[in-house]
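[1] need a 3D model of the following:
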Amino acid sequence: MAKQDKRDCIILAAIDLISEQGFHGASMSMISEKAGVGIGTIYRYFENRDALIRTMYKEKEERLVTFLLADYPYDRPVRECFFHVGTGVIDYFVRNPIDFKYSEQFHHSPYGVEHRRNRIFASAGKPDIFIDLYERGTAQQVIRDLSLVAFFNLAFAPIIWTIRDHVLGFVDLDAPLSRKLVESCWDSVKI
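    Take a look at the predicted model:
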């Protein structure tokens, strides 16, 4: 097995185990067994368990952002950008439910608290599609003058909750419902 293949097997095994059993329910020995590699092999690619967990999230986030930036309407009105991001988040996670489950585990852990704190309070100067949307919208006075945290909660938390319900099988998050959901989120933040 090639080096990249081993690394990919480790990540896939870890994502699968963590998304189903949580961080504490997925030991490094379970990950190595599921990946079909020795436990020492994991440590060739990742310094420790924390590095594995953070790397996996970073790679998932990068895939989501790459997906959202495809055909992103940079020079269009904020509303159009908001709809692109909102429907894009839904489309991505409906197609990639294991990524959603992992992201949920991550965000509801100490790793996620640290990540969110850094994203909100230490992101100055770093490009971020969500923060750019907020800053352009407030500067153009088309989005309410809310704190960034309140904006995220009103604009995207209902989307995440509904994706969770879709993944759990409580609702079918089809295109018409996605559109209504994003419209409702827009209505909650627009002026």
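
[2] low-confidence stretches in this protein?
    By pLDDT under 70, the low-scoring segments of the chain are 1-4, 120-127.

[3] got the domain boundaries for it?
    For the chain, automatic domain parsing gives the domain ranges 1-46, 54-189.

[4] could I get these as CSV with mean neighbour count?
    Using the backbone N, CA and C atoms, a C-beta is placed for each residue, glycine as well. Below are the domains of the chain laid out as CSV (neighbours: other Cβ atoms under 10 Å):
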stretch, mean neighbour count
domain 1-46, 16
domain 54-189, 15
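
[5] off-centre distance for whichever helix or strand Lys6 is part of?
    Assigned by DSSP states H and E, Lys6 belongs to helix 3-21. Its chain's C-alpha centre and that of helix 3-21 lie 17 Å apart, by Cα atoms, centre = their mean, to the nearest Å.

[6] show me the contact partners of the next helix-or-strand element following it.
    Remark: after helix 3-21, the chain's next helix or strand is helix 28-35, criterion DSSP H and E. The contact list for helix 28-35 (Cβ atoms under 8 Å, 6 or more residues apart in numbering) reads 6, 9-10, 12-14, 16-17, 38-39, 41-42, 49, 52.

[7] kindly report the same for stretch 74-94.
    The contact list for stretch 74-94 (Cβ under 8 Å, 6+ apart) reads 63-64, 67-68, 71-73, 99-100, 103, 129-130, 133, 136-137, 140, 142-143, 155-156, 159-160, 162-163, 166-167, 173, 178-179, 181-182, 185-186, 189-190.

[8] can I get that stretch in CSV, CA atoms only?
    C-alpha atoms of stretch 74-94 as CSV (Å, rounded to 0.1, in the frame of the first residue of the first chain):
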residue,chain,number,x,y,z
TYR,A,74,-18.1,37.5,-5.9
ASP,A,75,-19.4,40.7,-7.6
ARG,A,76,-23.1,40.0,-7.1
PRO,A,77,-25.3,41.4,-4.3
VAL,A,78,-24.9,40.1,-0.8
ARG,A,79,-28.2,38.4,-0.9
GLU,A,80,-27.2,36.3,-3.9
CYS,A,81,-23.9,35.4,-2.1
PHE,A,82,-25.8,34.4,1.0
PHE,A,83,-28.1,32.1,-1.0
HIS,A,84,-25.1,30.6,-2.7
VAL,A,85,-23.5,29.8,0.6
GLY,A,86,-26.6,28.6,2.4
THR,A,87,-27.8,26.3,-0.4
GLY,A,88,-24.2,25.2,-0.9
VAL,A,89,-23.7,24.1,2.7
ILE,A,90,-27.0,22.1,2.4
ASP,A,91,-26.0,20.5,-0.9
TYR,A,92,-22.5,19.6,0.3
PHE,A,93,-23.6,18.0,3.6
VAL,A,94,-26.6,16.2,2.1
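
[9] perfect, that will be all.
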